[in-house]
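S.K.: sequence plus the predicted model coming up.
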Amino acid sequence: MVATFFLMKEYTHNRGFFRSRSKKRERNMKNRRTLRLESLESRELLAGGIASPPRVHGAPIAQVFNQSANPLNISPGATNQVVANLVVSSLSHEHLQPKNFLFIAAEGGEPLSWNLESSRLMADLDLNLANGCETVIGSVQPNAQTDVLAFTALRPTWVRPSQYLHLQVVADFKGFFTGSRIGLELARADFIGIQGAPLPQGNIQRVGLPPTLHRLQQTPVLPPLVVSKNTSYGDQTVLPNSLGVKIGSYVVQNPSTSRSLRITDLTVGLTGTASLYGLSGLRLSVPGAMIPIQPGPLNTFPVNNVLAPGANLVVDVFANTGTQVNVNVVSSLRVAYANAADGIIATTAPAVGQTVTFQVGRLNPPTLVASASTPGQYIPSAGGANNASRATFNFPAVNGSVTITELEFRVVGDPLAVSAIQIGNVTSSPVNGVAFFHGLNLTVPNGGAGRNLDAYVSYALVGDRGLRSGTRAAIGLSYVKYVTGGTTQTLTLNPPVMAPAMTLVGSRPSIFIVLPGSTPGSVLPGLTFGTVRVARLAIFADQQGNIKIDQVPLVFTGNAAGTHINPQTKLVLRDLTGAIIGHILVSNITGNGTSQVSAVLTFTGGYVIPAGQAFISDVEVEVSSLAGASPWDSVSTKLGSPGSFRWTDLAGRGAEGAELGNLILGFPSNSVSIIGSEVFG
């Protein structure tokens with residue numbers, strides 16, 4: 001009987017060599033090895049025995065000594081495990097270069113391809129074996145069909161006659177094992193000589209100790225899944241009786257760079273002072289865990305989510321809060337997961353999440369936002385004034401959001417002065433000086449800047465058919481009703497939060513002071529000795545009705561002490577035709593003939609301005625001297641104090657000269673200047 005096989009195995013000790021052949025082993029393994037290795041090399045063997053390849057005399061001789069590796073307990077997924085040790089030497093006086101090493105599964109071990117992920121042939125090239133074999137000279141994955149490790153040395157490495165070359169096979173293992181033991185047996189080695197000729201197989205001795213069998217541990221070893229509290233979501237204060245409140249947030253991370261992990265279960269633990277019976281609708285943001293359940297201390301949601309290497313998964317926990325107040329709940333998350341490829345299961349330690357407190361929101365006392373509210377002023381209302389002023393109130397909420405449902409405003413001053421208050425699309429007319437708003441739905445968020453609310457005020461008629469001119473009134477916020485966490489709360493404000501008071505008139509003036517001829521800007525050349533036109537005065541009557549100008553204060557300022565203004569000599573107003581406006585008395589002159597002069601123009605009998613029309617005049621004053629060279633001299637003009645400006649509200653039947661300039665919106669404080677003409681040259 002002829003078979004195909006070439007395997008020769010020799011074992012040696014320090015004092016000699018011995019040849020060992022087990023006939024029983026040959027009978028059991030003969031057919032298996034023949035089929036596995038017949039594709040590698042063909043030799044004619046006699047049945048029942050193994051013939052060694054003949055030695056070629058005159059050719060170099062190489063020896064491969066199999067050293068025993070330390071028996072290992074290998075865990076699934078283990079890497080960099082030394083599974084075989086070899087010592088290569090030259091028994092002749094020639095240099096040899098290893099080319100190929102072929103390993104098969106050792107007797108009693110499992111197939112290599114079932115358990116090995118990859119392997120590397122390492123060499124000790126620095127001749128420091130204490131540091132192990134540091135250089136990779138070949139790498140390979142087990143062949144799934146032949147179940148062999150066939151290393152080819154990719155790095156040229158020489159074995160010198162006087163030295164030994166130490167080699168190791170270092171392996172990485174799969175995440176799940178089949179069987180319990182694994183070992184590597186050297187089946188073939190190839191060398192070339194110094195001239196590149198291959199050594200005959202008969203000149204290569206494979207000797208040494210039996211292969212080492214390593215134990216395969218079945219304890220699952222997976223990359224550690226990382227579960228942590230989501231730092232972008234902090235501790236919360238939420239309202240009771242709220243649906244779908246986020247009571248926890250976590251980040252699940254797969255730190256592996258090569259393995260996908262499959263999440264199989266998410267277990268949410270709940271602790272804290274809240275009764276779990278008061279909670280409901282526990283669910284997660286992860287597909288497969290979105291159906292609400294009644295929560296308990298531990299709540300497991302089966303899922304099937306695969307995390308790719310390096311990927312993150314955010315897991316949010318939601319629940320309905322119920323009626324409990326001043327209690328809290330603290331969640332935790334534990335994750336069961338598996339290697340996505342083989343199903344080995346592991347579980348993380350619980351990660352503790354946020355503390356969520358159930359607390360009723362509270363509305364702090366509101367305040368007036370002065371910068372957004374209408375300042376105190378005259379309100380022209382001969383025909384009534386709709387939404388003529390605005391009061392802006394800020395409502396701050398703490399411990400949770402609130403919803404305003406009712407407001408109450410009181411009218412301070414004449415209770416008949418305010419005809420209506422409007423908030424949004426809702427309008428309320430005061431009754432006995434009190435305006436109520438019901439059925440509101442104004443949400444104020446928790447914390448932050450709160451919410452601003454605008455109240456627009458309309459005013460009653462002034463004049464023959466209404467209130468007297470000069471009637472004053474203001475609104476104040478006095479009562480708030482709101483809902484928070486399913487409960488109704490009230491806030492009484494005493495004293496009320498007041499808006500600025502408004503003064504009602506039939507009509508009102510608007511005043512401007514500009515350069516002569518209404519020239520744009522604030523500086524104009526033309527200053528000389530004598531009578532100088534220094535400014536233009538424009539006064540407009542509101543569309544609501546007629547007004548009468550009674551008194552206008554003016555202030556003149558020279559650039560230096562030598563620039564003298566003399567209104568006592570001459571101070572007149574000219575109309576747009578250039579004619580002097582009569583019936584004007586110049587009085588209350590101070591500083592006449594100096595550089596700081598003031599005077600008051602009093603209109604005898606007043607000057608009437610019809611509704612919607614204007615009184616426009618140019619101001620001329622006597623300049624008696626200049627301080628120096630005329631190009632550098634100037635005279636500026638502006639209106640005096642608002643309290644010295646007097647006018648009569650004819651539309652509102654106001655008292656003669658009773659109204660002042662203090663409450664005129666935009667009463668001008670600017671000045672205009674006439675300077676020497678050479679300044680512009």
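M.R.: Looks like it arrived, so ask away.

S.K.: so where's the chain shaky on pLDDT?
M.R.: Across the chain, the ranges flagged by pLDDT under 70 are 1-53, 57, 219-222, 340-344, 629-631, 677-681.

S.K.: now do the strands in the stretch 201-350 of the chain.
M.R.: 204-208, 214-216, 226-229, 236-238, 245-253, 261-271, 280-284, 298-307, 312-320, 327-339, 345-347 (DSSP state E, counting those that start in this stretch).

S.K.: between those, which gets nearest to Thr604?
M.R.: For the strands of the stretch 201-350 of the chain, proximity to Thr604 was assessed by Cβ to Cβ; strand 236-238 is nearest, at 71.3 Å. C-beta here means a position set from N, CA and C on the backbone, and glycine is covered the same way.

S.K.: and the contacts of the closest one?
M.R.: 245-247, 321, 354-359, 399-400, 446 (Cβ atoms under 8 Å, 6 or more residues apart in numbering).

S.K.: next one: stretch 588-605
M.R.: 549-568, 571, 573, 583-587, 624, 627, 640, 644.

S.K.: any idea which of the strands of the stretch 201-350 of the chain gets closest to Ser381?
M.R.: Of all those, strand 236-238 sits nearest to Ser381, with 47.3 Å by Cβ to Cβ.

S.K.: sorry, back to before: Leu660: which of the strands of the stretch 201-350 of the chain is closest?
M.R.: strand 236-238 (52.6 Å).

S.K.: that closest one pairs with which strands?
M.R.: strand 351-358 (parallel) (DSSP bridges).

S.K.: and Val534, how far from Val159?
M.R.: Separation of Val534 from Val159 (Cβ to Cβ, to the nearest Å): 114 Å.

S.K.: just to revisit the earlier point, which among the contacts of strand 236-238 end up buried?
M.R.: Restricting those to buried positions leaves 245-247, 321, 354-359, 399-400, 446, with burial counted as 16 or more other Cβ atoms under 10 Å.

S.K.: and the spatially most central residue of the chain, its phi and psi?
M.R.: Taking Cα atoms, centre = their mean, the centroid of the chain lies closest to Ser232, which sits 8.0 Å from it. Backbone torsions for Ser232, taken as degrees, to the nearest 10, come to phi -80, psi 0.

S.K.: next, count neighbours for the nearest residue to it once chain neighbours are set aside.
M.R.: Nearest residue to Ser232 in three dimensions, chain neighbours excluded: Ser249, at 7.6 Å (Cβ to Cβ, 6 or more residues apart in numbering). Using other Cβ atoms under 10 Å, Ser249 has 22 neighbouring residues.

S.K.: you'd agree Ser249 is up against Gln354?
M.R.: Yes: between Ser249 and Gln354 there is a contact under Cβ atoms under 8 Å: 6.8 Å.

S.K.: still on that earlier bit, distance to Ala435 added to the strands of the stretch 201-350 of the chain, as a markdown table?
M.R.: Formatted as a markdown table, the strands of the stretch 201-350 of the chain follow (distance: least, Cβ to Cβ, whole Å):
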| stretch | distance to Ala435 |
| --- | --- |
| strand 204-208 | 105 |
| strand 214-216 | 85 |
| strand 226-229 | 50 |
| strand 236-238 | 34 |
| strand 245-253 | 37 |
| strand 261-271 | 48 |
| strand 280-284 | 42 |
| strand 298-307 | 52 |
| strand 312-320 | 38 |
| strand 327-339 | 40 |
| strand 345-347 | 64 |
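
S.K.: so for Ser522, which of the ones you listed sits nearest?
M.R.: strand 236-238 (56.4 Å).

S.K.: buried stuff in that closest one?
M.R.: The neighbour-count check on strand 236-238 (16+ other Cβ under 10 Å) flags Gln236, Thr237, Val238 as buried.

S.K.: then stretch 497-512?
M.R.: Buried residues in stretch 497-512, counting neighbours by 16+ other Cβ under 10 Å, are found at 497-499, 501-509, 511-512.

S.K.: repeat that for stretch 174-194.
M.R.: For stretch 174-194, by 16+ other Cβ under 10 Å, it's 174-177, 181-193.

S.K.: so which of Val534 and Val159 has more stuff around it?
M.R.: Ranked by neighbour count (other Cβ under 10 Å), Val534 and Val159 place Val534 first, with 26 against 19.

S.K.: which residue packs closest to Leu442, ignoring adjacent ones?
M.R.: Nearest non-adjacent residue to Leu442, counting by Cβ to Cβ, 6+ apart: Ile404, 4.1 Å away.

S.K.: helix or strand for the one you found, which one?
M.R.: Per DSSP states H and E: Ile404 is located in strand 402-413.

S.K.: which of the three states applies to the nearest residue to Ser522 once chain neighbours are set aside?
M.R.: Residue nearest to Ser522 in three dimensions, not counting chain neighbours: Val672, with 5.1 Å by Cβ to Cβ, 6+ apart. Here Val672 takes the strand state, with states given by DSSP: H, G, I helix; E, B strand; the rest coil.

S.K.: burial of Val672, as a residue count?
M.R.: 21.

S.K.: ok, now the one 4 residues further on?
M.R.: Counted with other Cβ under 10 Å, the burial measure for Gly676 works out to 20 neighbours.

S.K.: ok, Leu154 next?
M.R.: 11.

S.K.: distance across stretch 96-115, terminal residue to terminal residue?
M.R.: 33 Å (Cα to Cα, to the nearest Å).

S.K.: what's the offset of that stretch from the middle of its chain?
M.R.: Here stretch 96-115 is found 55 Å from its chain centre; the criterion is Cα atoms, centre = their mean, to the nearest Å.

S.K.: got it, and stretch 246-258?
M.R.: 18 Å.

S.K.: now stretch 413-420
M.R.: On Cα atoms, centre = their mean, the centre of stretch 413-420 falls 49 Å from that of its chain.

S.K.: mind listing what's buried along that stretch?
M.R.: Neighbour-count burial for stretch 413-420 flags Gly413, Leu416, Ala417, Val418, Ser419, Ala420 (criterion: 16+ other Cβ under 10 Å).

S.K.: and if you look at stretch 200-209?
M.R.: In stretch 200-209, counting by 16+ other Cβ under 10 Å, buried: Gln201, Asn203, Ile204, Gln205, Arg206, Val207, Gly208.

S.K.: could I have that stretch exported to CSV, CA atoms only?
M.R.: Provided in CSV are the C-alpha atoms of stretch 200-209 (Å, rounded to 0.1, in the frame of the first residue of the first chain):
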residue,chain,number,x,y,z
PRO,A,200,16.9,19.7,0.8
GLN,A,201,14.3,18.6,3.4
GLY,A,202,16.5,15.7,4.4
ASN,A,203,19.1,18.3,5.6
ILE,A,204,16.5,20.0,8.0
GLN,A,205,16.2,18.4,11.4
ARG,A,206,13.0,19.1,13.4
VAL,A,207,13.7,18.0,16.9
GLY,A,208,12.8,19.0,20.5
LEU,A,209,9.9,18.7,22.9
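
S.K.: hang on, the earlier thing: any idea how far the residue nearest to Ser232 lies from Ser256?
M.R.: 23 Å.
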